Structure formats: C-alpha cells, structure tokens
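> compute the structure for the input listed below.
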Amino acid sequence: MAGRAAGSWGALTHGRAVWLMVAITLMWSIAGVVTRHLEAARSFEVTFWRSFFTVVALIAILPALQGRAVFASMRRGGRALWVSGLCWSVMFTAFMVAILLMPVANVLVTMAVGPLLTAVFAWAFIGHRIAPRTWVAIGVAGLGIGWMYGAQVAGLPVLGTVVALCVPVAAAVNWTVVQHSQRHGQAVDLAPAVLVGAVLSTLATLPVALPFQASAHDLMLLALLGVVQLALPCVLVVRCGQVLKAPEIALLGLLEVIFGIVLAWLGAGERPTAAVLTGGALVIGALMCNELWGWKEAR
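I've put the predicted structure just below:
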C-alpha cells in the first residue's frame, strides 16, 4: 500500500498539482455552508467532533501514504513539530468557533491575511527581508480589513472578531517556526503536525463540549468536515507543496475565500454585505498583486 501510494504521488505533475490545489480549496471552503445546516450541535461541540473525526481519518490516511514509520517519526520531530501542532490546534479551534459567531465571509476574509502576517512575523523574529511590494500589500490589506470591520462594528461581536484573528496569527507563527527550523537543518513534516494539532484540539475542547447534543444528522455533517474539509486537504496540500512554488499555493489558496463566500450565499442564504465585498476585494487584490509580482521577479 505505502509503495503504491508513493508511486502515485511521484507521478504528480505541475498541471495536476494546480488542479489538485483547486480541489483542495473547494474542500476547505465547505465548512461555512455545512455548519449552517447543523441541527443541535453548538459552539465547542462542533469543534470537538470535527477535530475528533480528523484524528480518526489521519490515523488511517498517514500510514497509507507515508508508512507506519510516520508515527515513530513524530516522537523524533523535536520541539518545532509540537509547536507547529499547537498552532494547528489553535487554527482548527478558532476557525470553527469564529464561524459560529460571525458571518462566513468575515471569517474567510480575515483568514486571508495570513500570508502577509507571516511575512511580518518572519521579518520580526527570524530576520527575513520584506520587499517593498509586500509592505504595500500589507498596508492595502490592512485597509481592507479595517473597512470591513469598521463598517460593521455595531453588528459584529467583539469576541468573534478576536477569535477570527487568532486563525491568521496562529498560521503566521506556524509558518515562521517551520521556516526557522528548516534554516537550522530540522525540517518539519507538516502532515504529522496536522495530526498533533487535531489531537490537541480534540482534547482541549472535550471538557467544554459536554454534554453532547449533536444529532445523528449533525454527526454525519461533522464527520464530513473532519474527513473531507480538514484531514484530506491538509495532507494533500503538503504534497502539492513539493511540486508548486509558495506563490502559486498562496494564489490558489485564495480560492477558498471565494468558494466559501459563494457556497454560504447559495447554500445557506448568507449574503455578504457591501463592506465585506469591498474589504475582501482589497485584501484579495493586495495578496494577488504581491504574489504575482514576486513570482514574476523570481522567474
């Protein structure tokens, strides 16, 4: 099984990786619309079950793709693996809680600033140089976020805004730690780190998820999120990262915002406000211009 899986991975071409990345963003984007159709599960119980089903799925998927040695390698992963896992757990937990507190569009646009925050964190903590174009993109994206929240400040919960911001901050810390470790000769295997994050999220949310109220219908939807929206795409994006360049992944990853807003609109009647569309356009436009410009310079 592991040998066959490795062989099929090896056949991944650039074109197939692009289409796979598009499929990954579509899988990521279903969280909002699926959550809106839950019957009884609320708050931390939603996060618990999604993380639980993610753990179950990854325990089956990772040995099939990387062999059983993947679990032994986790014990030798070092501090960076566990810090990365902790960051993943924050992202998993904060994302679902934010989705339940605020409109899907607001959460997705807020998450989109993650790559720019990563650039700032890498500059501040490990000395990466930030190109002038990236500083401009950071400023424009900041204006977009400010516009989106400023125009809705009376209608959005402060807690939801803070929780949503935890997602891109945790993502920035995660990638900064990974880059720092790679510079010092200790590469972090992100697939096991995702498993660590799912386990930590499950354990952290269990006490506050009780008593369980999810119906059988809810459990089916949350299992769908755990397997299709989280476990599979997180493993597949690691593989895409071996074929696609970072700017390509960053650009294609923006499709999650677009897909997620459209699905929540069509599938749950959650129409984005004009402020979200305007602010989101500024954020996504800044990211696209920055990544395309950087890609052009690199070539």
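> if you count neighbours, what's buried in stretch 228-245?
228-240, 243-244 (16 or more other CB atoms under 10 Å). The C-beta positions use only the backbone N, C-alpha and C, and glycine is treated the same way.
> try stretch 261-279
Here stretch 261-279 shows 261, 263, 264, 265, 270, 272, 275, 276, 279 as buried, counting by 16+ other CB under 10 Å.
> excluding its backbone neighbours, what's nearest the fourth one?
If you skip the residues right next to it in sequence, residue 265 has residue 271 as its closest partner in space, 5.5 Å away by CB to CB, 6 or more residues apart in numbering.
> quick one: mean pLDDT over stretch 31-45.
Across stretch 31-45, pLDDT averages out at 93.
> what is the end-to-end distance of that stretch?
15 Å (CA to CA, to the nearest Å).
> and what about the residue nearest to residue 265, helix, strand or coil?
Three-state call for residue 271 (DSSP: H, G, I helix; E, B strand; the rest coil): coil.
> pretty sure it sits against residue 261.
No - here residue 271 does not reach residue 261: they are 9.4 Å apart, not a contact under CB atoms under 8 Å.
> distance of the most centrally placed residue in the chain from residue 120?
Centrality entry for the chain: nearest residue to the mean C-alpha point is residue 91, 6.9 Å, by CA atoms, centre = their mean. Relative to residue 120, residue 91 is positioned 18 Å away (CB to CB, to the nearest Å).
> cool, residue 126 as well?
11 Å.
> what about the two, which has more around it?
Per other CB atoms under 10 Å, whichever of residue 126 and residue 120 has more neighbours is residue 120, with 17 against 13.
> tell me the phi and psi of the more buried one?
As for residue 120, its main-chain torsions (degrees, to the nearest 10) stand at phi -70, psi -40.
> mind pulling the model confidence for it?
Looking at residue 120, the pLDDT reads 89.
> for residue 246, same thing?
Reported pLDDT for residue 246: 72.
> going forward can the numbers begin at 55, since that is how I track them
Got it, first residue is 55 now, which makes that one residue 300.
> and the gap between it and residue 119?
Residue 300 is 22 Å from residue 119, by CB to CB.
> more crowded one of these two?
residue 119 (18 against 14).
> check which helices and strands whichever strand or helix holds the more buried one is in contact with.
Using DSSP states H and E, residue 119 falls within helix 97-120. Packing partners of helix 97-120 (3 or more CB pairs under 8 Å, 6 or more residues apart in numbering; DSSP states H and E): helix 56-64, helix 123-129, helix 132-155, helix 244-263, helix 270-278, helix 286-294.
> now the third one: buried residues?
The one in question is helix 132-155. 134-155.
> and the angle for it with helix 286-294?
For helix 132-155 against helix 286-294, the angle by axes from the mean of the first three to the mean of the last three CA atoms, to 10 degrees is 140 degrees.
> and the contacts of whichever helix or strand comes after helix 132-155?
Downstream of helix 132-155, the first helix or strand assigned by DSSP H and E is helix 158-165. Contact with helix 158-165 is made by 83, 85-87, 90, 149, 152-153, 198-199, 202-203, 206, 210, 214-215, 218-219, 221-222, 225, 310-311, 314-315, 318, 322, 324, 326-327, 330, 333-334, 337-338, as judged by CB atoms under 8 Å, 6 or more residues apart in numbering.
> check stretch 194-209 too.
Contacts of stretch 194-209 (CB under 8 Å, 6+ apart): 160, 163-164, 166-167, 170, 210, 215, 327-330, 332-337, 339-341.
> I'd like the average pLDDT over it.
Rounded mean pLDDT across stretch 194-209 is 80.
> over to stretch 157-169?
Rounded mean pLDDT across stretch 157-169 is 90.
> alpha carbons of that stretch, as PDB, please.
C-alpha atoms of stretch 157-169 as PDB (Å, rounded to 0.1, in the frame of the first residue of the first chain):
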ATOM      1  CA  PRO A 157     -20.700  35.500   9.000                       C
ATOM      2  CA  VAL A 158     -18.700  33.100   7.000                       C
ATOM      3  CA  ALA A 159     -17.400  35.800   4.700                       C
ATOM      4  CA  ASN A 160     -15.900  37.900   7.500                       C
ATOM      5  CA  VAL A 161     -14.000  34.900   8.900                       C
ATOM      6  CA  LEU A 162     -12.700  33.900   5.500                       C
ATOM      7  CA  VAL A 163     -11.500  37.400   4.500                       C
ATOM      8  CA  THR A 164      -9.800  37.700   7.900                       C
ATOM      9  CA  MET A 165      -8.000  34.400   7.400                       C
ATOM     10  CA  ALA A 166      -6.800  35.500   4.100                       C
ATOM     11  CA  VAL A 167      -4.300  38.000   5.600                       C
ATOM     12  CA  GLY A 168      -2.300  35.000   7.000                       C
ATOM     13  CA  PRO A 169       0.500  35.100   4.300                       C
END
